[in-house]
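[1] Pasting the sequence and the predicted model now:
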Amino acid sequence: MLRYLPFLLIIGLTVFAFIDCLNTPEEEVKHLPKVVWVIIILLFSIVGPVVWLFAGKKRAPAGSGPGGRRGQWVAPDDNPEFLNRLREEQDRKQQDRDEDKGGS
C-alpha cells in the first residue's frame, strides 16, 4: 500500500493544480495564457503543477486583511457594518424597554 503513495500524491497534486488553474480568473494568471498552463500541468506530471503553484498565479500576501481583495468574506466580529447594526439594534431595544417602564 505504501508503494502507491507517491503515485497518489502526484495525481492529487496534478488534480489540485488543474482545478486551481481552471478556477483562476484570466487576469490573475501570470507569464502564459491559461490554456498553455493547463497543457503544461497535464503533460508534465510533477514539474507542471509545481511550476503553476509557484509561478503561474498572482497570490495575495499571507497577511493581507479584509481590504486586500474585493468580495472577500469578513468575520462578523471584524465587520464594522455588522457591529454598527448590532449596536443600533441594542439601542432600539433599550429605548423600547425604557419607554415601556416609563409608560406603566
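    That came through fine.

[2] List the contacts of the closest residue to residue 22 other than its chain neighbours.
    Nearest residue to residue 22 in three dimensions, chain neighbours excluded: residue 38, at 7.1 Å (CB to CB, 6 or more residues apart in numbering). Yep, even glycine has a C-beta here, placed from its N, CA and C like the rest. Going by CB atoms under 8 Å, 6 or more residues apart in numbering, residue 38 touches 18, 21-22.

[3] quick one, helices of this protein?
    5-23, 34-43, 47-55, 80-103 (DSSP state H).

[4] For the third one, which residues meet the burial criterion?
    Of the residues in helix 47-55, those scored as buried under the neighbour-count criterion (16 or more other CB atoms under 10 Å) are 48-49, 51-53.

[5] could I get those residues as a markdown table with pLDDT and distance to residue 27?
    Compiled in a markdown table, the buried residues of helix 47-55 are given as follows (pLDDT from 0 to 100; distance: CB to CB, whole Å):
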| residue | pLDDT | distance to residue 27 |
| --- | --- | --- |
| 48 | 92 | 22 |
| 49 | 92 | 21 |
| 51 | 91 | 20 |
| 52 | 89 | 16 |
| 53 | 88 | 18 |
